[in-house]
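Engineer: after the sequence you'll find the predicted model.
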Amino acid sequence: MEELNHAIFGISRSIEDLRSYIPKVAASEAPVLITGETGTGKESIAANIHSMSRRRSGPFVAVNCAALPATLFESEFFGHERGAFTGAVMVQKGLAAAAHCGTLYLDEIGEMDMQSQAKLLRFLENGQINRLGSTSLISSDVRVVAATNQYLEERVDEQKFRADLFYRLNVARIELQPLRERPEDITILINHFIADMNSRTGLHVGEPDNELTECLARYEWPGNVRELRNLVEAVFIDPPRGRLQVCHLPPSFRRRIAEHHYNIPDERESLIAALTLTNWNKAEAARIMKLSRMSIYRKIAKYHIPSER
């Protein structure tokens, strides 16, 4: 348990707070809602919570809600009996039953359609499963951890996400900051990924030099930690000798760095300009600034900008 907790790399205040909060969340049975942009490590945090909980000996079942069509939700999530429909040649246990005595991780919960949300809520309320083609109920004891890169409060306001399901999930809330808002963690993360790749490949790529460290700290990291990890893997395709330098990065990534390097506008003024241009439509401002809506709300709070003018 302790080892997994220390696997959350970084020295930023948000990471320190996360290390402190995760054991408390893991010790409870409360539903968890993890929010954050794509690539911030939501599933890793969910797995960490599971591994530190009393359910750690049980299964950790991850469900990609965005890849679960409404027409297949009931069959995939709750399971079915043989002959329940054409093509049902055998009994299928279902994801909810497979997670019995463990953790059910619902990734991209914001993408789930309203009809499936209603069925999920009913299961979360009573813990009972009715497989397609069956007349009997099955109980499944699961701890639910949900994750989203969307701002669910806004989805509720737009009537695209059920308020009752949101309140059911939003008990323990973990908000993961994007990498660009915690640049002090970048060096620690890249050194960890380099050490991991060295161990896996038997190579000896060195740590980044100062110039590269400064460049990476200025970059916006739209893909967050996942993008940084993928960058390190790309470097190992043609690994350098000695310390890692800017010239060792893939050409496509060097071009992306150049777009941000030495030309960073005033973020607060850019945000106000985007909000003014869109008549304070935060979703549209997020599109213009190429940010998630959650980032827009975070930055509005960060720079003490009134919610509307």
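Structural biologist: That came through, no problem.
Engineer: and Asp141, what does it touch?
Structural biologist: Under the criterion of C-beta atoms under 8 Å, 6 or more residues apart in numbering, the neighbours of Asp141 are His100, Cys101, Gly127. C-beta here means a position set from N, CA and C on the backbone, and glycine is covered the same way.
Engineer: so where's the stretch 201-309 of the chain uncertain?
Structural biologist: Scanning the stretch 201-309 of the chain for pLDDT under 70 picks out the ranges 258-265, 277, 307-309.
Engineer: can you do 50?
Structural biologist: 262-264 (pLDDT under 50).
Engineer: those helices in it, which residues are they?
Structural biologist: Along the stretch 201-309 of the chain, the stretches classed as helices by DSSP state H, counting those that start in this stretch are 210-218, 224-235, 251-260, 267-277, 282-289, 293-302.
Engineer: can you list those helices in CSV and add mean neighbour count and distance to Met114?
Structural biologist: Converted to CSV, the helices of the stretch 201-309 of the chain look like this (neighbours: other C-beta atoms under 10 Å; distance: least, C-beta to C-beta, whole Å):
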stretch, mean neighbour count, distance to Met114
helix 210-218, 16, 42
helix 224-235, 18, 29
helix 251-260, 12, 38
helix 267-277, 16, 29
helix 282-289, 18, 19
helix 293-302, 18, 19
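Engineer: and the ones you listed: which comes nearest Leu189?
Structural biologist: helix 224-235 (5.8 Å; C-beta to C-beta).
Engineer: then stretch 266-286 to PDB, C-alphas only?
Structural biologist: The C-alpha atoms that make up stretch 266-286 are tabulated as PDB, following Å, rounded to 0.1, in the frame of the first residue of the first chain:
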ATOM      1  CA  ASP A 266      -0.500  37.000 -20.500                       C
ATOM      2  CA  GLU A 267      -2.800  34.100 -19.600                       C
ATOM      3  CA  ARG A 268      -5.300  36.200 -17.500                       C
ATOM      4  CA  GLU A 269      -5.700  38.800 -20.300                       C
ATOM      5  CA  SER A 270      -6.100  36.100 -22.900                       C
ATOM      6  CA  LEU A 271      -8.800  34.400 -20.800                       C
ATOM      7  CA  ILE A 272     -10.700  37.700 -20.300                       C
ATOM      8  CA  ALA A 273     -10.400  38.400 -24.100                       C
ATOM      9  CA  ALA A 274     -11.800  35.000 -24.900                       C
ATOM     10  CA  LEU A 275     -14.700  35.300 -22.400                       C
ATOM     11  CA  THR A 276     -15.500  38.800 -23.700                       C
ATOM     12  CA  LEU A 277     -15.400  37.600 -27.300                       C
ATOM     13  CA  THR A 278     -17.900  34.800 -26.500                       C
ATOM     14  CA  ASN A 279     -20.200  36.900 -24.300                       C
ATOM     15  CA  TRP A 280     -18.900  34.900 -21.300                       C
ATOM     16  CA  ASN A 281     -19.800  31.500 -22.800                       C
ATOM     17  CA  LYS A 282     -17.300  29.400 -21.000                       C
ATOM     18  CA  ALA A 283     -17.700  26.400 -23.200                       C
ATOM     19  CA  GLU A 284     -17.000  28.500 -26.300                       C
ATOM     20  CA  ALA A 285     -14.100  30.300 -24.600                       C
ATOM     21  CA  ALA A 286     -12.600  26.900 -23.800                       C
END
